[in-house]
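Peer 1: Show me the folded form of this:
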Amino acid sequence: EGRESATGPRPGADARWPDPDGAIHTHGNGGGTRNGEFRLRPPRPRYAFSAPVGEDGATPAILEPETAGSDASTNGNGKVVPIRPAVQASSGLNGDVLGDVNYLSEPDGTPPPGAPSVLSAGQVGGSILALGGFVTGLALAPFLTLAVTNGCLLLFFMAANGMKLVLIDRSLRQNAPGHGKGTAERIADADLPVYTILLPVFRETSVLRQLVAGIEALDYPKALLDVKLLLEEDDTETRDAVAQIGIPACLEVLVVPDVGCRGKPRACNYGLFRARGEYLVIFDAEDRPDPDQLRMSVATFRMAAPNVVCHQAKLNYFNRSHNLLTRWFTSEYSVWFDQLLPGLQSLDVAIPLGGTSNHFITDRLRLLGGWNPYNVTEDAELGVRIYLRGWKTAVLDTTTYEEATSQYRNWIRQRSRWVKGYMQTYLSCMRRPVRLARRMGLKSFVSFQLFFGANTLCLLINPIFWVMMAVWFATHAGWIPFIFPAPVFYLAAFGLLVGN
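Peer 2: Numbering: from 1, shown residues only. Here you go, the predicted model:
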């Protein structure tokens with residue numbers, strides 16, 4: 001069935017599962033894995049699942065931080081289930097994704113205080129040298145320096161857009177094998193595993209009933225759902241609202257301690273510590289996943305290669321026709337999830353995850369160390385860490401619909417957060433570029449530059465060229481032609497007409 005059994009892992013598996021005492025069990029039977037050894041995990045116990053209720057026997061019980069303890073978790077019926085340690089202590093540098101980072105190292109599942117630095121000393125020194133060289137060039141040969149810089153930026157801009165055209169072409173010409181709707185057969189209820197759903201919510205009382213309705217609409221046995229509603233400790237409004245509505249028996253309310261960096265990653269790490277499912281998925285409060293999404297995820301995991309540890313479902317919007325901004329959002333998401341990500345999968349390179357509908361093998365996610373609470377696009381960084389670990393992400397041919405922002409101020413804040421997160425991910429990965437290139441290989445390293453790096457740089461350089469074009473048409477400034485010699489001018493014109 002493509003899964004490890006209690007008697008041993010499948011051939012080619014590379015699974016590690018630490019015992020409660022921290023020991024890693026290995027079995028050196030030379031089955032073709034790295035270093036010729038299997039890493040064997042103990043059999044997974046089965047539990048009964050139902051949500052805890054309050055003293056009146058009707059209202060849901062909200063597990064406070066001290067109730068949902070650091071070394072144990074209730075399984076919903078009052079029984080205490082020990083929580084296994086996630087991974088060994090981090091061996092990587094502070095903020096270095098090339099090391100074995102662990103954001104689950106604290107006993108209660110919350111991150112340690114203190115944000116890691118984004119830039120390394122080498123990056124700071126290199127930036128200072130580059131800036132000094134640019135200023136020196138401007139002093140000695142200003143127009144030549146600007147023309148060369150201009151040409152280099154345009155070459156990178158065109159290479160990034162060429163990369164996207166290649167990805168779109170590949171996704172249109174071929175579908176990734178083993179991950180389409182037509183290949184996934186419906187699995188009988190008796191053969192389905194427990195599935196954990198993480199629902200991080202913060203001051204979203206207006207969508208609680210929609211959230212509950214979405215869980216009840218899922219085509220999955222409710223007795224096999226382990227739903228974690230993750231609330232912040234100071235979000236008393238949402239906690240009061242949860243206590244007043246009826247919630248499914250499979251839903252467990254957890255209050256995340258206010259320790260460390262606040263945000264969705266911290267809440268998800270807290271839920272991951274208490275996850276009981278073989279598989280795990282994240283949904284946002286307003287998400288409307290296809291009803292059969294969990295079944296399809298289980299089927300495709302069992303059909304996939306052993307190193308596929310994550311499925312990214314496609315995302316789109318249910319309010320696409322609200323205004324022009326939501327239509328643009330829908331167009332962008334359709335290109336991103338229906339064409340660009342499948343194209344990356346066909347190239348066998350790192351795939352950035354979306355912020356929701358990420359389906360994981362729970363054990364592997366623990367071994368990865370959870371989500372980075374200091375990165376505002378922790379999902380994109382996690383996609384890189386999956387690839388660097390030697391594992392894969394596949395695009396799942398099912399859709400989750402969410403609500404697109406229809407206000408321009410909200411759009412600017414959201415897009416700024418995405419750009420900042422991609423910048424953090426790119427810079428943290430590039431702390432050691434030579435080591436990164438060796439770990440990734442040439443093809444994936446180039447793809448990382450043109451996809452992750454370009455998503456930030458192209459947005460920063462685009463306004464500069466738009467301003468120069470506006471200045472030229474308004475004033476015909478005589479210095480502009482000097483920094484656009486003929487080859488650079490034609491490249492810039494092509495980038496304006498095609499790249500945008």
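Peer 1: While we're on V298, how confident is the model there?
Peer 2: Per-residue confidence (pLDDT) for V298: 94.
Peer 1: er, L382 actually
Peer 2: L382 is given a pLDDT of 92.
Peer 1: Pull the number of nearby residues for N316.
Peer 2: N316 is flanked by 18 other residues according to other Cβ atoms under 10 Å. (Each C-beta comes from the backbone N, C-alpha and C, glycine too.)
Peer 1: Mind giving me the packing neighbours of the helix or strand harbouring it?
Peer 2: Here N316 sits within strand 308-317, counting by DSSP states H and E. For strand 308-317, the contact count by 3 or more Cβ pairs under 8 Å, 6 or more residues apart in numbering; DSSP states H and E identifies helix 293-303, helix 324-335, strand 358-361, helix 362-368, helix 378-388, strand 392-402 as packing neighbours.
Peer 1: A454: what's it in contact with?
Peer 2: F156, F157, A159, A160, M163 (Cβ atoms under 8 Å, 6 or more residues apart in numbering).
Peer 1: Pull the number of nearby residues for the last one.
Peer 2: Translated: M163. M163: 20 neighbours (other Cβ under 10 Å).
Peer 1: Let me see the mean pLDDT of stretch 307-320.
Peer 2: The model assigns stretch 307-320 a mean pLDDT of 92.
Peer 1: Please point out which parts of it sit buried.
Peer 2: Of the residues in stretch 307-320, 308-320 count as buried by neighbour count, 16 or more other Cβ atoms under 10 Å.
Peer 1: from those, which single one is nearest L224?
Peer 2: The nearest member of the buried residues of stretch 307-320 to L224, counting by Cβ to Cβ, is H311 at 17.9 Å.
Peer 1: The closest one bridge partners, please.
Peer 2: Beta-bridge partners recorded for H311 (DSSP bridges): H359, A394.
Peer 1: so it touches S297, yeah?
Peer 2: Yes - between H311 and S297 there is a contact under Cβ atoms under 8 Å: 5.4 Å.
Peer 1: which residues do the two both contact?
Peer 2: Common neighbours of H311 and S297 (Cβ under 8 Å, 6+ apart) are H359, L396.
Peer 1: Check which helices and strands the lengthiest helix in the chain sits against.
Peer 2: Counting by DSSP state H, the longest helix found in the chain is helix 142-173. Under the contact definition 3+ Cβ pairs under 8 Å, 6+ apart, helix 142-173 sits against helix 121-140, helix 341-347, helix 454-475, helix 486-494.
Peer 1: For F473, give its distance to A147.
Peer 2: 20 Å (Cβ to Cβ, to the nearest Å).
Peer 1: scratch that, L365
Peer 2: Taking Cβ to Cβ, one finds L365 at 49 Å from A147.
Peer 1: Also A139?
Peer 2: 16 Å.
Peer 1: for D234, same thing?
Peer 2: 55 Å.
Peer 1: Settle it for me: which of the two has more neighbours?
Peer 2: Remark: of D234 and A147, A147 carries more neighbours, 17 against 12, as counted by other Cβ under 10 Å.
Peer 1: right, and the more buried one touches A486 too?
Peer 2: No - using Cβ under 8 Å, A147 is not in contact with A486; the gap is 10.8 Å.
Peer 1: in stretch 437-449, what counts as buried?
Peer 2: For stretch 437-449, by 16+ other Cβ under 10 Å, it's A437, R439, M440, S444, F445, S447, F448, Q449.
Peer 1: three-state assignment of the fifth one?
Peer 2: In other words, F445. helix (DSSP: H, G, I helix; E, B strand; the rest coil).
Peer 1: The residue nearest to it when sequence neighbours are not counted sits in which helix or strand?
Peer 2: For F445, ignoring the flanking residues on the chain, the nearest one in space by Cβ to Cβ, 6 or more residues apart in numbering is A437 at 4.4 Å. Assigning secondary structure by DSSP H and E places A437 in helix 433-440.
Peer 1: That helix: how far from the chain's middle?
Peer 2: Helix 433-440 sits 21 Å away from the centroid of its parent chain (Cα atoms, centre = their mean, to the nearest Å).
Peer 1: which strands and helices sit next to that helix?
Peer 2: helix 378-388, helix 442-448.
Peer 1: Let me know the average pLDDT across that helix.
Peer 2: Mean predicted confidence for helix 433-440 is 90.
Peer 1: That one versus helix 378-388: what angle between them?
Peer 2: Angle between the axes of helix 433-440 and helix 378-388 is 70 degrees (criterion: axes from the mean of the first three to the mean of the last three Cα atoms, to 10 degrees).
Peer 1: what inclination does helix 433-440 have with respect to helix 121-140?
Peer 2: Using the same axes, to 10 degrees: helix 433-440 against helix 121-140 is 120 degrees.
Peer 1: Just send the helices and strands packed on helix 433-440 back as a markdown table, with distance to L340 too.
Peer 2: Compiled in a markdown table, the helices and strands packed on helix 433-440 are given as follows (distance: least, Cβ to Cβ, whole Å):
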| stretch | distance to L340 |
| --- | --- |
| helix 378-388 | 13 |
| helix 442-448 | 11 |
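Peer 1: closest one to V201 among those?
Peer 2: Here helix 378-388 is closest among those (Cβ to Cβ), at 17.0 Å.
Peer 1: Alright, I will stop here.
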